[in-house]
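> Curious how this folds, go ahead:
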Amino acid sequence: MTSRRSADPHVFPSLESSRWACLLSSISVTVAPLRNLTGDANQQHIVEAFTDDLVSNLRRQGRGFSLQRIANEPGILVKTSEAAEPKVGYLVTGSAQRGSHGMLRVNVRIMDAATSEYLWARRYEFSTEHPVPVQTKIIRRISRELHVLLLQDEIRRASLASDPEPAPHECLSSAAMALEGELRVELSAEAQRWFLAALAGDPRNVEALVGLARTCQELVSNPWWGNPVTAAVASDLGREVVAIALELAPGHAAAHCVQGMLYSAAGELDAAEQAFEQALAMDQGLAIAHGFAGYNAAFLGSAGGALPAMERAMRLDRTDRRHSIWFFFGGFAELLVGRTEASIALLQKSLERNPSYGSARLFLMAALSSSGRRNEAAMAAASFQGEYPDCPAGAFAQLWLSRSASPAYRAQIFPLFERIRDLGVTV
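Predicted coordinates:
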């Protein structure tokens, strides 16, 4: 199959209506209260807490789900979101029984609400004196399995849209071709569709899973590419997908790196740092891990070490697409530590390689304003607003303000935030 720079409408006929193929649908999930079959009323608080924690977790980590909860009366659905009540797709049910030697046995399952078919079921036992760690494990597993169902829906969609269905290696080749271009929404979205098509042919293809997670990360890190809901779903799905990849291939360095990138974007900076360390322990030549580890360090209050990390990344990976990212990371870090002119030079180099790079444009206007070049800063602000007229309000705060609790970092970033806002850019 010949690689394409843009998707073939005969292969993906529905793509004109949506860029992000893996974020088209929202599966509906209903959670039933865990039934207490122990015969001991004193255990009721444990089963109620389990159900409450499950619903809370799915609200936070399953923003691609239309979530409902069954009330005490069977068959009555109580909505937990503001959206219109959806048709029930999957039902999460379970029960608690007495286990051996004073343990509590919990049976949980996910069912197809239309057919009552069991799609997943597990049994767990734990001590009632220390229930929280095991309950957390169970809840995370349920969330993982629901994301697998969401992913399977999207893989089926990709399979139906492909006629004839291309081989997985051909899809991966086309995805790689798309990702060799500039960091642009249409190229990342195209790569995402090819990764989904590869998974339609081989659902356990680790390279396709890691690639899909990477495209989710690129959407999360470029909020002007989509609306906040789409970015939130991409964050949740990306983290679950890369976790699936790591279950299949625990030693996959790039998977650990992508996991770190998604952790960092979500503000889980310590977990991100650990993931980057794991990636580099497996492959010291992985340029993207050096680059993103340095960027993450800036959020932890260590911006001074970011530029050397970018220089290592550039020596290891000389592609223009990545250099645009490394120059941005370096310019961002230099701006944080007050080396404004160096920052301007790096950010301009980033934009020379990718003129539509929103993050570089955003901080270039702050750097120009900080150096007293007000007219140039205003021109940069107008250029950004012209390129991204629908930039979501709060996108800046999510990615660069609330992301870190480091006092050193927050003292560095808040003045830049004010300069950008003074230029009339909604952040």
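
> When you work out contacts or count neighbours from here on, use the C-alpha atoms and nothing else.
Noted.

> so what's A377 up against?
L364, M365, A366, A367, L368, S369, L423 (C-alpha atoms under 8 Å, 6 or more residues apart in numbering).

> Where in the chain is the helix or strand with the lowest mean pLDDT?
strand 77-79 (a mean of 42; mean pLDDT, DSSP states H and E).

> Following element in sequence after that one, please.
strand 90-98 (DSSP states H and E).

> Can you check the pLDDT for S159?
Listed pLDDT for S159 reads 69.

> Over to E16?
33.

> same check, this time on N375
95.

> what packs against the host helix or strand of D53?
D53 is part of helix 44-61 when elements are defined by DSSP H and E. Contact here means 3 or more C-alpha pairs under 8 Å, 6 or more residues apart in numbering; DSSP states H and E; on that basis helix 44-61 packs against strand 35-36, strand 65-70, helix 132-161.

> which of those is buried the deepest?
Most buried of these, by mean neighbour count (mean count of other C-alpha atoms under 10 Å): strand 65-70, with a mean of 21.

> in terms of contact count, name the helices or strands touching that strand.
By 3+ C-alpha pairs under 8 Å, 6+ apart, strand 65-70 packs against strand 27-31, helix 44-61, strand 77-79.

> What mean pLDDT does that strand get?
On average, strand 65-70 scores 83.

> same check, this time on stretch 108-126
Rounded mean pLDDT across stretch 108-126 is 89.

> ditto for stretch 182-198
89.

> A271: what's it in contact with?
G260, Y263, S264.

> Give me the phi and psi for the nearest residue to S221 once chain neighbours are set aside.
Nearest non-adjacent residue to S221, counting by C-alpha to C-alpha, 6 or more residues apart in numbering: A265, 6.6 Å away. Note on A265: its backbone torsions stand at phi -60, psi -30 [degrees, to the nearest 10].

> Ok, V108 next?
The phi/psi pair for V108 (degrees, to the nearest 10) is phi -130, psi 150.

> Check the one 10 residues further on too.
According to degrees, to the nearest 10, the main-chain angles of Y118 amount to phi -80, psi 120.

> Does it touch D112 like I think?
Yes - contact criterion C-alpha atoms under 8 Å: Y118 and D112 qualify, at 6.6 Å.

> Those two: which has the busier surroundings?
D112 (16 against 13; other C-alpha atoms under 10 Å).

> That one against G89, yeah?
Yes - contact criterion C-alpha under 8 Å: D112 and G89 qualify, at 6.2 Å.

> okay, now T115: neighbour count?
9.

> my bad, should have said A114
So A114, with other C-alpha under 10 Å, has 11 neighbours.

> Not counting residues beside it along the chain, what's closest to it?
Nearest non-adjacent residue to A114 (C-alpha to C-alpha, 6+ apart): G89, at 6.9 Å.

> do you know how far that neighbour is from L183?
Separation of G89 from L183 (C-alpha to C-alpha, to the nearest Å): 36 Å.

> Mind checking which of the two has more residues around it?
The neighbour comparison of G89 against L183 (other C-alpha under 10 Å) goes to L183, with 23 against 16.

> pretty sure the more buried one belongs to a strand, no?
No - using DSSP: H, G, I helix; E, B strand; the rest coil, the secondary structure at L183 is coil, not a strand.

> residue contacts, it?
R321, N354, Y357.

> hmm, back to that, can you flag which of the contacts of A271 belong to helices?
G260, Y263, S264 (DSSP state H).

> State the helix or strand in which the residue nearest to the first one when sequence neighbours are not counted lies.
This means G260. Distances taken as C-alpha to C-alpha, 6+ apart place A272 nearest to G260, at 4.0 Å, with adjacent residues excluded. Assessed by DSSP H and E, A272 sits inside helix 269-282.

> can you dump the C-alpha coordinates of that helix into PDB?
Extracted in PDB, the C-alpha atoms of helix 269-282 (Å, rounded to 0.1, in the frame of the first residue of the first chain):
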ATOM      1  CA  LEU A 269       4.900  15.100  37.700                       C
ATOM      2  CA  ASP A 270       6.500  12.700  40.000                       C
ATOM      3  CA  ALA A 271       5.000   9.700  38.200                       C
ATOM      4  CA  ALA A 272       6.100  11.300  35.000                       C
ATOM      5  CA  GLU A 273       9.700  11.600  36.200                       C
ATOM      6  CA  GLN A 274       9.700   7.900  37.200                       C
ATOM      7  CA  ALA A 275       8.400   6.900  33.800                       C
ATOM      8  CA  PHE A 276      11.100   8.900  32.000                       C
ATOM      9  CA  GLU A 277      13.700   7.300  34.200                       C
ATOM     10  CA  GLN A 278      12.400   3.800  33.400                       C
ATOM     11  CA  ALA A 279      12.400   4.700  29.700                       C
ATOM     12  CA  LEU A 280      16.000   5.900  29.700                       C
ATOM     13  CA  ALA A 281      17.200   3.000  31.900                       C
ATOM     14  CA  MET A 282      16.000   0.800  29.000                       C
END
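
> What are the buried residues along it?
Neighbour-count burial for helix 269-282, counted by 16 or more other C-alpha atoms under 10 Å, picks out L269, A271, A272, E273, Q274, A275, F276, E277, Q278, A279, L280.

> which intervals of the stretch 151-300 of the chain have sub-threshold pLDDT?
Filtered on pLDDT under 70, the stretch 151-300 of the chain yields the residue ranges 158-164.

> all strands for it, in order.
Using DSSP state E, counting those that start in this stretch, the stretch 151-300 of the chain contains no strands.

> Point me to the helix or strand that includes A313.
Per DSSP H and E: helix 306-316 holds A313.

> after that helix, next one along is what?
Immediately after helix 306-316, counting by DSSP H and E, sits helix 320-336.

> neighbouring contacts of that next one?
Identification of contacts with helix 320-336 by C-alpha under 8 Å, 6+ apart yields 180-183, 291, 295, 298, 303-304, 306-307, 310-311, 313-314, 317, 340, 342-347, 349-354, 359-360, 363, 367, 409, 412-413.

> Now the buried members of these.
Buried by 16+ other C-alpha under 10 Å: 180-183, 291, 295, 298, 303-304, 306-307, 310-311, 313-314, 317, 340, 343-344, 346-347, 349-351, 353-354, 359-360, 363, 367, 409, 412-413, out of the contacts of helix 320-336.

> my read: L196 touches E207, true?
No - applying C-alpha under 8 Å as the test, L196 and E207 come out as separate, 11.1 Å apart.

> I'm done for today, thanks for sticking with me.
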